[in-house]
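In: Need coordinates for the below:
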Amino acid sequence: MSTTFCETCRKEVTFSSETASIKAKLKGQEYIFTGKKAICIECGNEVYAADITDENLKSLYNAYRRNK
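Out: Here you go, the predicted model:
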């Protein structure tokens with residue numbers, strides 16, 4: 001299992017990922033795409049996970065390319 005720092009728990013925690021509809025802007029245009037969110041196992045809040053952020057950026061750029 002992967003771990004990351006949870007700002008709410010103030011410690012290193014394991015997290016789960018869940019599918020989510022994400023809205024983001026790229027080059028002045030807003031896109032909605034299916035991505036993932038990292039959720040702290042202990043408190044249930046969203047946490048930062050670099051690998052999930054990278055996946056979401058790839059999904060955002062794919063949505064951009066499909067639109068163009």
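
In: distance of residue 44 from residue 23?
Out: Relative to residue 23, residue 44 is positioned 21 Å away (CB to CB, to the nearest Å). C-beta here means a position set from N, CA and C on the backbone, and glycine is covered the same way.

In: should've said residue 5
Out: 25 Å.

In: So between the two, which is more surrounded?
Out: residue 5 (13 against 10; other CB atoms under 10 Å).

In: Excluding sequence neighbours, find me the nearest residue to the more buried one.
Out: Distances taken as CB to CB, 6 or more residues apart in numbering put residue 12 closest to residue 5, at 5.7 Å, once the chain neighbours are dropped.

In: residues touching that neighbour, list them.
Out: 3-6 (CB atoms under 8 Å, 6 or more residues apart in numbering).

In: Kindly supply the ChimeraX command isolating those of these that are buried.
Out: Buried residues within the contacts of residue 12, by 16 or more other CB atoms under 10 Å, are selected in ChimeraX with:
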select :4,6
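
In: quick check, nearest of the contacts of residue 12 to residue 52?
Out: The nearest member of the contacts of residue 12 to residue 52, counting by CB to CB, is residue 4 at 9.2 Å.
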